[in-house]
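Colleague: Please work out how this folds:
(one chain, ligands or ions: 2)
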Amino acid sequence: MEALDYHAEERRKAEFDVEEMKIVWAGSRQAYEISDRVARLVASDPVFRKDNRTMLSRKDLFKDTLRKAAHAWKRIIELRLSEEEASKLRFFVDQPVFTDLHWGMFIPAIKGQGNEEQQQKWLPMAYKMQIIGCYAQTELGHGSNVQGLETTATFDPETDEFVIHSPTLTSSKWWPGGLGKVSTHALIYARLITDGQDHGVHGFIVQLRSLDDHLPLPGITVGDIGMKFGSGAYNSMDNGVLRFDHVRILRDQMLMGVSQVTREGKFMQSDVPRQLVYGTMVYVRQKIVADASCALSRAVCIATRYSVVRRQFGSHNGGPETQVIDYKTQQSRLFPLLASAYAFRFVGEWLKWLYTDVTQRLQASDFSTLPEVHACTAGLKSVTTSATADAIEECRKLCGGHGYLSSSGLPELFAVYVPACTYEGDNVVLLLQVARFLMKTVSQLGSGKKPVGTIAYMGRSEHLLQCRCEVERAEDWLKPNVILEAFEARAARMSVTCAKNLNNFANQEEGFAQLATDLAEAAVAHVQLIIVSKFIEKLQQDIPGKGVKRQLEILFNVYALSLLHKHLGDFVASGCITPKQGALANEQLRLLYSQVHFDNPSLLLYMVLLLERLLQSTSF
Ligand SMILES: CC/C=C\C/C=C\C/C=C\C/C=C\C/C=C\C/C=C\CCC(=O)SCCNC(=O)CCNC(=O)[C@H](O)C(C)(C)COP(=O)(O)OP(=O)(O)OC[C@H]1O[C@@H](n2cnc3c(N)ncnc32)[C@H](O)[C@@H]1OP(=O)(O)O
Ligand SMILES: Cc1cc2nc3c(=O)[nH]c(=O)nc-3n(C[C@H](O)[C@H](O)[C@H](O)COP(=O)(O)OP(=O)(O)OC[C@H]3O[C@@H](n4cnc5c(N)ncnc54)[C@H](O)[C@@H]3O)c2cc1C
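Modeller: Numbers count the residues shown, from 1 in each chain. Ligands and ions are numbered 1, 2, ... in the order given. The predicted structure is shown next:
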C-alpha cells in the first residue's frame, strides 16, 4: 500500500464528522471559511513557497522575507482583505518578519498607551506603512527586569524636548525584532527624568532612520545582532541593537495615555494603574497563547501522519508490519499532544474573550480584573509555550530519524517556536508573577473579599483542603466533575501550602526567593486547572456534527488524565488522590487511547504543504 492509501484508510475509520470538527477548531463556520480560503491563496502563490528556506544564506533568507512581506501587503490591498483575513494570510506565510512587530506591538502600544492626539498623529502613517515601527524594550543588561532598564529620557524644559541617551553599554537596546535593518521608528522604553527626578520606565516614539535614504539619524547607532538558533527559522527577523547619543525628540513623543509631562516639566500620573505601561505585553501574551495550538497542531499533524504510514516489526507470514501508531508507547506520547492542541485552542479562545472584556472595562475605568488578566495571560503564555516547545521536540522523536531531516518540517518549526518560551517574558519569571497573585489571593481569604473568576475555587478552599476523591473504578475518572475537583484540590492545596511556608520567613521577599521552585509549581497547577476547566466549559456548549462532541470528550479525558499521570507526585503528595486512584487514572488513560480517532482535520493545508515539501525534496 502507498503512503496516501494508508492515510485514506485511517481517514475512513474516523467516527466523527470531519467538516464539523474543522469548524470547532476554527471557532466558527465563518472563521473556518476564511482560514480555508486564505490557506489556498497562500499555497497556490509561488512567491510564498517555503520549501527552500532552510538552504538559503542569511542574506538571501532576509531578502526572501522582505519580498514575501511586500507581496503579502500588495495582496492584502489588491484583494481588500479584512483585518482577520490579513492576519490569516500572514499566519500561513509562516515566516517571522518585521511586520509582526509593527502590527503586533508598535501599533497596539500607540493605541493602548497614546492619548487621542498621539493616536491621530501616528496611527494613520503606521497603518499605511509610511513609517515602520518596532518595540524596543529589552536591553543588553535587562530583559525580564523591566524596572531595571537604563536608557534615559530626560526632559529639557528650555527646548520642550526629551533627550534620549544610552548611558552604559548594558543600556543598549538588544533584541527588538524589525530594528536591525528595517524600522524607521521605534517605541522605546526609557527612564523618565524630570527636574532630576526618576519616574520609572515609560514609552517614547523615536525616529531612527531617515524616511528619504533610510540611513540612521544623528546620534543613533543601530544594527543587526546576528545569527540565531537553527537554519532558516527566526533568522528571517532582523533582531537589532540600538544606542542613543543624546537624541532629542519632541515632548509629545512620550506616550501620554498613562502619565504626562507638562510644558513646564511637571510629571503627572493619570488616574489609571501604572501597570498599563505594560499593556502591550499583556496583549501579545494573549496572542501567543492563541498561536500555541497552531504550532502544536502542525507538529502533531506531521507526527500522526508519519505514525500511520510508518511500519516496523510484527510481520506475520510475510504480511504487513505493524503501523507504529498502534504501539501503546507511541499513542501515550502522541495522543496527549493531540489533546493538548485542542485544550490550548479552547483556552486561547477564552483568553481572547477575557482580553476583550478587560479592554472594555478599562475604557469604563474599571481596573478590577487587571491583576487576574495579567496572571492569566502570563501563566497561560508560560504553560502553553513550554508544553508546545517540548511537544514539537517529542514529535520529532516520534518520527524517528526522518524527524531530524529539515524536510520533515519539524526542526525548523522547533527552532522558530522555541524562543516563545523566552520572548514576551521568560516562562519561569512569568510563573512567579502568577505565584505572587496566588499568594495575595490566599492571604486575603479570611478578609471577606470573595475570589471571583479563575480564582473562584479558592473561595471553596475549606472544602478543597479536606475533600477526598471518590474514584473507585477506572471509569469514574471519565466524569468531568471528578477531574475538576481533583485539579481544584491540587491547585488550592499547593498554593495554601506555599502560603503557610512563606509565613515561616520573617522577610516575605526572602521567603519568596527561597520557595520559588514550589511557588512556580503551584502556579503551573493553577494554570493547568484553568485549561482543564475551560475545556469542560467548551464541552458544555452545543457542539453539532456526528461524533464530534464524543471525540472531544475523549480528548478532554486524555488531556486531563495524562496531566494527572505526569504530575501524579503533586496529586498524591497533596493528598488529593491515593496512589491506587492514580493507578486507576492510568488504566483509564490506556483504554482511552484506543478510542482516539486521529483524522486531525485542523491543518489540512499544512499536510498538503508538507507533502509538497517532501516531493520537492531530493532526500525523499
Ligand atoms: C503572525 C503574526 C502576523 C502579523 C502580526 C500581527 C499581529 C501579531 C500579534 C501578535 C504577535 C504574536 C506573536 C508575537 C510573535 C513574536 C513576538 C516577538 C517578539 C516578542 C517581543 C518581546 O519580547 S517584547 C519584551 C517583552 N519583555 C518582557 O516580557 C519582560 C518581562 N518582564 C515583565 O513583564 C515585568 O517586569 C514583570 C512581570 C517581571 C514584573 O516584574 P516586577 O514585579 O518587578 O515589576 P513591577 O514592580 O514593575 O510590577 C509590580 C506590580 O505590577 C504587576 N504587573 C506586572 N506586569 C503587569 C502587567 N503586564 N499587567 C498588569 N500588572 C502587571 C505585578 O504583578 C505587580 O503587582 P503587585 O500587585 O504584586 O504589586
Ligand atoms: C527571538 C526573540 C525575539 C525578541 N524580540 C524582542 C522585541 O521585539 N523587543 C524586545 O524588547 N525584546 C525582545 N526580546 C527580548 C525578550 O523579551 C527577553 O529576552 C525576555 O524578556 C527574557 O529576558 P532576558 O533575556 O533578560 O532573560 P533573563 O531574565 O536574563 O533570564 C535568564 C535566566 O534567568 C532566570 N531568571 C531571571 N529572573 C529571574 C527571577 N526573578 N527569578 C527566577 N529566575 C529568574 C530566567 O528564568 C532564565 O532562566 C526577544 C527575545 C528573543 C529571544
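
Colleague: In stretch 358-369, which residues are buried?
Modeller: Judged by neighbour count (16 or more other C-beta atoms under 10 Å), stretch 358-369 contains these buried residues: V358, L362, T369. The way it works is simple: take the backbone N, C-alpha and C, and place the C-beta from them, glycine included.

Colleague: Closest to D213 out of those?
Modeller: When the buried residues of stretch 358-369 are compared for distance to D213 (C-beta to C-beta), L362 comes out closest, at 40.8 Å.

Colleague: how about the closest one, what does it touch?
Modeller: With contacts defined as C-beta atoms under 8 Å, 6 or more residues apart in numbering, L362 is in contact with V272, L276, L370.

Colleague: ok, which of those residues also contact ligand 2?
Modeller: The overlap between these and the neighbourhood of ligand 2 (criterion: C-beta under 6 Å from any ligand atom) is empty.

Colleague: Selection in ChimeraX covering whichever of these are buried, please.
Modeller: Here is the ChimeraX command that selects the buried residues among the contacts of L362 (16+ other C-beta under 10 Å):
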select :272,276,370
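
Colleague: Looking at the stretch 1-150 of the chain, which residue is nearest ligand 1?
Modeller: With C-beta to the nearest ligand atom, the shortest gap between the stretch 1-150 of the chain and ligand 1 falls at G104, namely 2.9 Å.

Colleague: Phi and psi next, for that residue.
Modeller: Dihedral angles of G104 (phi, psi; degrees, to the nearest 10) stand at phi -90, psi -20.

Colleague: what about the closest residue to it other than its chain neighbours, neighbour count?
Modeller: Ranked by C-beta to C-beta, 6 or more residues apart in numbering and with sequence neighbours excluded, the top spatial neighbour of G104 is V284, at 6.1 Å. By the criterion of other C-beta atoms under 10 Å, V284 has 23 neighbours.

Colleague: Point me to the helix or strand that includes V284.
Modeller: When elements are defined using DSSP states H and E, V284 is found to belong to helix 279-309.

Colleague: L123 too?
Modeller: Since the elements are taken from DSSP H and E, L123 ends up inside helix 116-127.

Colleague: CA atoms only: put the following helix or strand past that helix into PDB for me.
Modeller: Using DSSP H and E, the helix or strand that directly follows helix 116-127 along the chain is strand 133-136. Output in PDB follows, covering the C-alpha atoms of strand 133-136 (Å, rounded to 0.1, in the frame of the first residue of the first chain):
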ATOM      1  CA  GLY A 133       7.900  50.600  13.900                       C
ATOM      2  CA  CYS A 134       9.400  48.100  16.300                       C
ATOM      3  CA  TYR A 135       9.100  47.600  20.100                       C
ATOM      4  CA  ALA A 136      12.400  48.400  21.700                       C
END
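
Colleague: name the helices or strands packed onto whichever helix or strand comes after strand 133-136?
Modeller: Next helix or strand after strand 133-136 toward the C-terminus (DSSP H and E): strand 152-156. Packed against strand 152-156 by the contact rule (3 or more C-beta pairs under 8 Å, 6 or more residues apart in numbering; DSSP states H and E) you find strand 161-165, strand 185-194.

Colleague: Determine the number of other residues adjacent to whichever residue of the stretch 51-200 of the chain sits closest to ligand 2.
Modeller: The minimum distance from the stretch 51-200 of the chain to ligand 2, using C-beta to the nearest ligand atom, falls at G143 (2.3 Å). For G143, the number of neighbouring residues by other C-beta under 10 Å comes to 18.

Colleague: ditto for K500
Modeller: Using other C-beta under 10 Å: K500 sits among 10 other residues.

Colleague: same deal with the one 5 residues further on?
Modeller: Around F505 sit 14 other residues, with neighbours defined as other C-beta under 10 Å.

Colleague: Equivalent analysis for R40, please.
Modeller: 13.

Colleague: from here on, count from 4
Modeller: With 4 as the first residue, the last one maps to R43.

Colleague: For L182, which non-adjacent residue is closest in space?
Modeller: In space, L182 comes closest to G243 once its chain neighbours are excluded; the distance is 3.1 Å by C-beta to C-beta, 6+ apart.

Colleague: Give the bridge partners for the one you found, please.
Modeller: For G243, the residues forming beta bridges with it (DSSP bridges) are D227.

Colleague: Relative to ligand 1, how far out is it?
Modeller: Distance of G243 to ligand 1, given as C-beta to the nearest ligand atom, to the nearest Å: 12 Å.

Colleague: where does the stretch 354-503 of the chain come near ligand 1, residue by residue?
Modeller: Residues of the stretch 354-503 of the chain found near ligand 1 (C-beta under 6 Å from any ligand atom) are L373, P374, H377, Y426, E427, G428, V432, Q436, R439.

Colleague: and V209, that's in a strand?
Modeller: Yes. V209 forms part of a strand when assessed by DSSP: H, G, I helix; E, B strand; the rest coil.

Colleague: That one is in contact with I167, isn't it?
Modeller: Yes. Using C-beta atoms under 8 Å, V209 is in contact with I167, at 5.9 Å.

Colleague: Now the common contact residues for these two.
Modeller: Joint contacts of V209 and I167 (C-beta under 8 Å, 6+ apart) are I191, F247, V250, I252.

Colleague: returning to that earlier point: tell me who's in contact with the residue nearest to G107.
Modeller: Contact partners of V287, counting by C-beta under 8 Å, 6+ apart, are G107, M108, P111, E427.

Colleague: and the two most separated of the residues you listed?
Modeller: So for the contacts of V287, where distance means C-beta to C-beta, the most widely separated pair is P111 and E427, at 12.5 Å.

Colleague: who has more neighbours, those two?
Modeller: Set P111 next to E427 and count neighbours by other C-beta under 10 Å: E427 wins out with 24 against 19.
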